[in-house]
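Undergrad: structural data only, the sequence is not supplied:
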């Protein structure tokens, strides 16, 4: 019913059932994982009004659970950034309290918990800090910020053409017309609007 995808690793579609409506995926070497995705496999939908709450459990120093988000019939997959979700903040109440967390003594393993719960309850939960899904608009927003910042920074060094020519004659920095940088900004922003991942 559900699968886990970690970039660079095989897809896991066989979570261990640990209780009624509760499942766990092992996550080896969690410190090397920035993002992960949980998705519905399409075998069966959730019952009306239910969804899967996704939780992350860090093993060290003490097991601590963090709510990441959810998947549902209307939102059958989600991408979570877990690189900055760390043990310092934990849930007071979670659906995995009292359950054995690790089946072996592997210290380098976290777990992804999946709990089938009412969608209304999941919508009310606060997502863990920095566990928000990364979207194309996030990348586009950062790229726009970086480009505008570059233009503003370069623009702060503008000088008149005669002064630039004098500096160049003295062997100082070369001269770049600010109009060229502005044109580059327009072109880059246009490309970002059409394809936020064009730079990859």
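TA: Yes, it's here. Please read all numbers here as calculations on a predicted model, not as lab measurements. Residues are numbered from 1 along each chain as shown.

Undergrad: tell me what the residue nearest to residue 16 when sequence neighbours are not counted is bridged to.
TA: Sequence neighbours aside, residue 24 is the residue nearest to residue 16 in space, at 5.2 Å (criterion: C-beta to C-beta, 6 or more residues apart in numbering). Backbone N, C-alpha and C define where each C-beta goes, glycine included. On the basis of DSSP bridges, residue 24 is bridged to residue 16, residue 113.

Undergrad: near residue 24, how many other residues are there?
TA: Around residue 24 there are 23 other residues, counting by other C-beta atoms under 10 Å.

Undergrad: distance check, it against residue 11.
TA: 16 Å (C-beta to C-beta, to the nearest Å).

Undergrad: show me which residues of stretch 163-176 are buried.
TA: Neighbour-count burial for stretch 163-176, counted by 16 or more other C-beta atoms under 10 Å, picks out residue 164.

Undergrad: chain neighbours aside, what residue packs nearest to residue 185?
TA: residue 151 (4.9 Å).

Undergrad: that neighbour: what's it in contact with?
TA: Neighbour list for residue 151: 181-182, 185 [criterion: C-beta atoms under 8 Å, 6 or more residues apart in numbering].

Undergrad: might you list the low-confidence residue ranges for the protein?
TA: 60-62, 84-107, 126-139, 157, 173-175, 196-200 (pLDDT under 70).

Undergrad: so which bits of the longest helix seen in it are buried?
TA: In the chain, assigned by DSSP state H, the helix with the most residues is helix 136-155. If you call a residue buried by 16+ other C-beta under 10 Å, then helix 136-155 has these buried ones: 140, 143-144, 147, 151, 154.

Undergrad: swap in stretch 27-45?
TA: So stretch 27-45, judged by 16+ other C-beta under 10 Å, has buried residues 27, 30, 33, 36-40.

Undergrad: mind checking which of those land in strands?
TA: 27, 36-40 (DSSP state E).

Undergrad: can I get those residues in a markdown table including distance to residue 72?
TA: Formatted as a markdown table, these follow (distance: C-beta to C-beta, whole Å):
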| residue | distance to residue 72 |
| --- | --- |
| 27 | 22 |
| 36 | 18 |
| 37 | 15 |
| 38 | 11 |
| 39 | 11 |
| 40 | 8 |
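
Undergrad: ok now do the residue nearest to residue 155 when sequence neighbours are not counted, which residues does it touch?
TA: In space, residue 155 comes closest to residue 178 once its chain neighbours are excluded; the distance is 5.7 Å by C-beta to C-beta, 6+ apart. Shown in contact with residue 178 (C-beta under 8 Å, 6+ apart): 154-155, 158.

Undergrad: mind listing the strands for the chain?
TA: Under DSSP E, the chain gives strands at 2-5, 16-19, 22-28, 35-40, 50-58, 64-71, 77-81, 109-118.

Undergrad: surely residue 52 and residue 38 touch.
TA: Yes - Residue 52 is in contact with residue 38 according to C-beta atoms under 8 Å; the separation is 7.4 Å.
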